[in-house]
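Asker: need coordinates for the following:
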Amino acid sequence: IAQGMGHALLHMQRQRSQTKNAEGKGYGRETSVRSASMPGRLQALNAFHSSGQREIASDASTLARIFRLGGYHYSVNTQWLEEIVEERVSGRSSVDLEDFLTIWSSYGERLNKLQEEIFSQIAGDRTVLCPVEVFEGLCKLGLEPMPGALEETLAECIGNQFNTMSARTVDVDDFAQIYFDLYSRAGLTKREVARLFNIFKNYDKEEDFSIRSPSIEQALQWHDLLVGPRMGLVPEQVLQALVKEILVQAAEGRDSLDPADWENALALRSRRGHVDGCINRTQFLLVARMLHSHICQALHAAMRRLGLRHTKALSIENASLLLDEIGSVSPNSHEIVQECMEDGGVISKRTLSFADFYAVLFAFCESDGLTRDERTCISELFDRFLGLRDVCQDT
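Answerer: Predicted structure coming up:
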């Protein structure tokens, strides 16, 4: 038992050590993840000048690559780019800065028009959407936020009055802002982006803001309860297929946020052999977002086995049962859930939404399913083991 407890603490200390080492590599600490808006003229200028040329090729793949540098990280519509080149710059094979800015603004106008059309389709005669309708609209735009991300962005967009019934609505301008804010971080919560950035640092051995294929899978094996060959919610085969797909997308210059694009490719990737390559930070966020989708799907299946629905509130007792169902059995599960609610930033309440439980689950994994008292006890025992080892070495 003592050996197992020592192993648990070693795991936690190793994680802290890795983060500390990453901070010492010149990255500095992550402060906060800022909100984002639609990429504008300044981003376009910086993206164009990053090519180091007075003119760039006007083919869709080249333009998409430059657009990604300017802030359109995901799901660049190459068909739109082809049409804009034909319509606005007479189909020229290369474009200068002025032409590029024309293409950039035309692309933004098309995206704004699409957002307004989807907003109008859902709102009908109304001028506002409720949160559920905002989620529907984002999905129609090919952006499905992870649990908790939309609630976080809505609260920031609407302000502190979001929790009042009279303020739970979003107009068309808010809808566009919410889309770009979530788009900029692949539909993830700010807390999750900060966590993933720290993980990325640990595996960026060359300090070139990229990680290679052997390390990507390791960086995504967050916890045995989430990903693993035996008790993980997501099997290793699925994780391997996700890694292959992001490597293929990175090589082909297409980073898609649409879950449908990933689902269509995963069956093929699972049968494909080894894929080599590297990905940057935005691509790491993208593959992590798709891994979250599979974790959610597995949680939904576990809830159905218990007769629960992810659209309904969970009691603390049912949250404990759900943790038991996915493989974590503990006599202190009720106490652990309460502590994880605090650690996961969930306001103390009697029932949990699915987004609340999702935050609790990751706090649960961070604590390795142990209460604070248990972790303190393990730490003290481990210190004793270290002391005994030092004594044995000295003698």
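Asker: for stretch 324-343, list every residue counted as buried.
Answerer: Of the residues in stretch 324-343, 325-326, 328, 330, 333, 336-341, 343 count as buried by neighbour count, 16 or more other CB atoms under 10 Å. C-betas here are computed from N, CA, C, even on glycine.
Asker: restricted to helices, list these.
Answerer: 325, 333, 336-341, 343 (DSSP state H).
Asker: where in this protein is pLDDT low?
Answerer: For the chain, the stretches flagged by pLDDT under 70 are 1-36, 159-167, 268-272, 389-395.
Asker: residues in contact with Val134?
Answerer: By CB atoms under 8 Å, 6 or more residues apart in numbering, the contact set of Val134 is 150, 154, 170, 175, 178.
Asker: mind checking how far Ile378 is from Arg110?
Answerer: Relative to Arg110, Ile378 is positioned 56 Å away (CB to CB, to the nearest Å).
Asker: now Ala251
Answerer: Remark: distance between Ala251 and Arg110 (CB to CB) = 27 Å.
Asker: the more surrounded of Ile378 and Arg110?
Answerer: The neighbour comparison of Ile378 against Arg110 (other CB atoms under 10 Å) goes to Ile378, with 21 against 15.
Asker: what angle sits between the helix or strand in which that one is found and helix 333-343?
Answerer: Here Ile378 sits within helix 372-394, counting by DSSP states H and E. Angle of helix 372-394 versus helix 333-343, following axes from the mean of the first three to the mean of the last three CA atoms, to 10 degrees, is 90 degrees.
Asker: so Ala47 is in which element?
Answerer: With DSSP H and E as criterion, Ala47 is part of helix 41-49.
Asker: re earlier: now the helix holding Ile378 - C-alpha only, CSV.
Answerer: Extracted in CSV, the C-alpha atoms of helix 372-394 (Å, rounded to 0.1, in the frame of the first residue of the first chain):
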residue,chain,number,x,y,z
ARG,A,372,-6.9,16.6,0.2
ASP,A,373,-6.3,14.8,3.5
GLU,A,374,-5.3,11.7,1.5
ARG,A,375,-2.8,13.6,-0.6
THR,A,376,-1.4,15.3,2.5
CYS,A,377,-0.9,11.8,4.2
ILE,A,378,0.8,10.5,1.0
SER,A,379,3.1,13.4,0.9
GLU,A,380,4.1,12.9,4.5
LEU,A,381,4.7,9.2,3.9
PHE,A,382,6.7,9.9,0.8
ASP,A,383,8.9,12.3,2.7
ARG,A,384,9.6,9.6,5.2
PHE,A,385,10.5,7.2,2.4
LEU,A,386,12.9,9.7,1.0
GLY,A,387,14.5,10.1,4.5
LEU,A,388,14.9,6.4,4.9
ARG,A,389,16.4,6.1,1.5
ASP,A,390,18.9,8.8,2.3
VAL,A,391,19.8,7.1,5.6
CYS,A,392,20.3,3.8,3.8
GLN,A,393,22.5,5.4,1.2
ASP,A,394,24.6,7.1,3.8
